[in-house]
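**Student:** what shape does this take:
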Amino acid sequence: MIKEKLQGLAIINALLALLGIILIAFSVDFGTSKADSWLASRGGADTAYYHLIVESYINNFLVSGGILLGFGLISSTLVYYKIYSSKG
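**Tutor:** Down below sits the predicted model:
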């Protein structure tokens, strides 16, 4: 029973790591899209201010992706270690 729960947890952690990779890989697209929607809702902005908002959104996605990737990889490693150490 515990092994099945650990395998489920390993899958969730792998999905978190995959989500982190996706957020990192597409951070520019996601950040630009969020900044465009911000600009549309505001109705306009100075170019320098818009550039600052774009960079901020991109950095937000990079940091979020890095946190998810790190947490997913570390947790997956610990879960796989626990699964294989309980076999012996």
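
**Student:** next up, the contacts around residue 23.
**Tutor:** Taking Cβ atoms under 8 Å, 6 or more residues apart in numbering as the definition of contact, the neighbours of residue 23 are 30, 61-62, 64-65, 68. To be clear about C-beta, it is placed using only N, CA and C from the backbone, and glycine gets the same treatment.

**Student:** revised request: answer the last question for residue 27.
**Tutor:** Residues in contact with residue 27, defined by Cβ under 8 Å, 6+ apart, are 58, 61-62, 65.

**Student:** measure it to residue 54 for me?
**Tutor:** Distance from residue 27 to residue 54, counting by Cβ to Cβ, to the nearest Å: 11 Å.

**Student:** who does the helix ranked longest in the chain touch, helix- and strand-wise?
**Tutor:** Counting residues, the longest helix found in the chain (DSSP state H) is helix 47-87. Applying 3 or more Cβ pairs under 8 Å, 6 or more residues apart in numbering; DSSP states H and E, we find helix 47-87 packed against helix 2-25, helix 27-42.

**Student:** tilt between the shortest one and helix 47-87?
**Tutor:** In other words, helix 27-42. On the basis of axes from the mean of the first three to the mean of the last three Cα atoms, to 10 degrees, helix 27-42 is oriented at 130 degrees to helix 47-87.

**Student:** give the buried residues for helix 27-42.
**Tutor:** When neighbours are counted by 16 or more other Cβ atoms under 10 Å, the buried residues of helix 27-42 are found to be 27, 30-31, 34-35.
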